[in-house]
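In: Let me see the structure of the following:
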Amino acid sequence: MNRATKSGIAAEAQSKVEAKYSEQLAAECLEWIAAITGKDVDPNGAMDNFYEQLKNGVLLCEVINALKPGQIKKIQTSSMAFKCMENINNFVDGAKACGVPSQETFQTVDLWERQNLNSVVICIQSLGRKGSQFGKPSIGPKEAEKNVRNFSEEQLNASNAVISLQYGSNKGANQAGMSFGNTRHM
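Out: This next block holds a predicted model:
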């Protein structure tokens, strides 16, 4: 990475983004990744460690293949930038295929250029909640299950007989004569 250091408004914005990062959630993500992949992962949630563990995307691709075997056909082992970014992009696509909503994913540069590691944590947490769907351990709160209800035509028509005034009435009250504050002078 050969980016100039940010200054002014850009530096303020970046510090706000970094302030959202949670070492505890990042550590939970790394522990889950170790449990899913069986790899030796340092579970320290510090920003530097989290970035170093995941920056080449290999571990992330292995997570997707652990959940959905064969989802990512070829994991790039080269340390060349575009190969690593391809791994990260494959992970994001794989996460979407596993059911992670697109608003909980991240852009490749968020991880590769260390722009927004919090969004990476959010994505892994979201993927972690889906773990139980694939027979693997999961992290975070258990996801709600769909509860579809089917009403009969008779039940649906019964609601048409309800008169809304039966719920209560304001007995003809209105806002006439109410005034708060000063009048508007034009």
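
In: now what about stretch 74-84, what contacts it?
Out: With Cβ atoms under 8 Å, 6 or more residues apart in numbering as the test, stretch 74-84 has contacts from 55-58, 61-62, 65, 86-87, 90, 112. Bear in mind the C-beta positions are built from the backbone N, C-alpha and C, glycine included.

In: Which of those ranks first by neighbour count?
Out: The residue in the contacts of stretch 74-84 with the most neighbours, by other Cβ atoms under 10 Å, is N87 (26 neighbours).

In: quick one: contacts for P101?
Out: P101 neighbours (Cβ under 8 Å, 6+ apart): S126.

In: same question, C98
Out: For C98, the contacting residues are 64, 67-68, 71, 127, 130, 133-134, by Cβ under 8 Å, 6+ apart.

In: Restricted to strands, list those residues.
Out: Counted as lying in strands by DSSP state E, out of the contacts of C98, is not a single one.

In: which of the residues you listed are buried?
Out: Buried members of the contacts of C98, counted by 16 or more other Cβ atoms under 10 Å: 64, 67, 71, 127, 130, 134.

In: who are the neighbours in contact with the fourth one?
Out: Which is L127. 63, 67, 95, 98, 100.

In: separation between Q125 and E143?
Out: As judged by Cβ to Cβ, to the nearest Å, Q125 and E143 stand 12 Å apart.

In: got a list of what the spatially most central residue of the chain touches?
Out: The geometric centre of the chain, computed from its C-alpha atoms, lies nearest to E104 (Cα atoms, centre = their mean), at 2.9 Å. E104 is in contact with 122-123, 126, counting by Cβ under 8 Å, 6+ apart.

In: Which other helices and strands does the lowest-mean-pLDDT helix or strand in the chain contact?
Out: Here the helix or strand of the chain ranked lowest by mean pLDDT, DSSP states H and E is helix 9-19, holding a mean of 79. If you count contacts as 3 or more Cβ pairs under 8 Å, 6 or more residues apart in numbering; DSSP states H and E, helix 9-19 packs onto helix 117-129.
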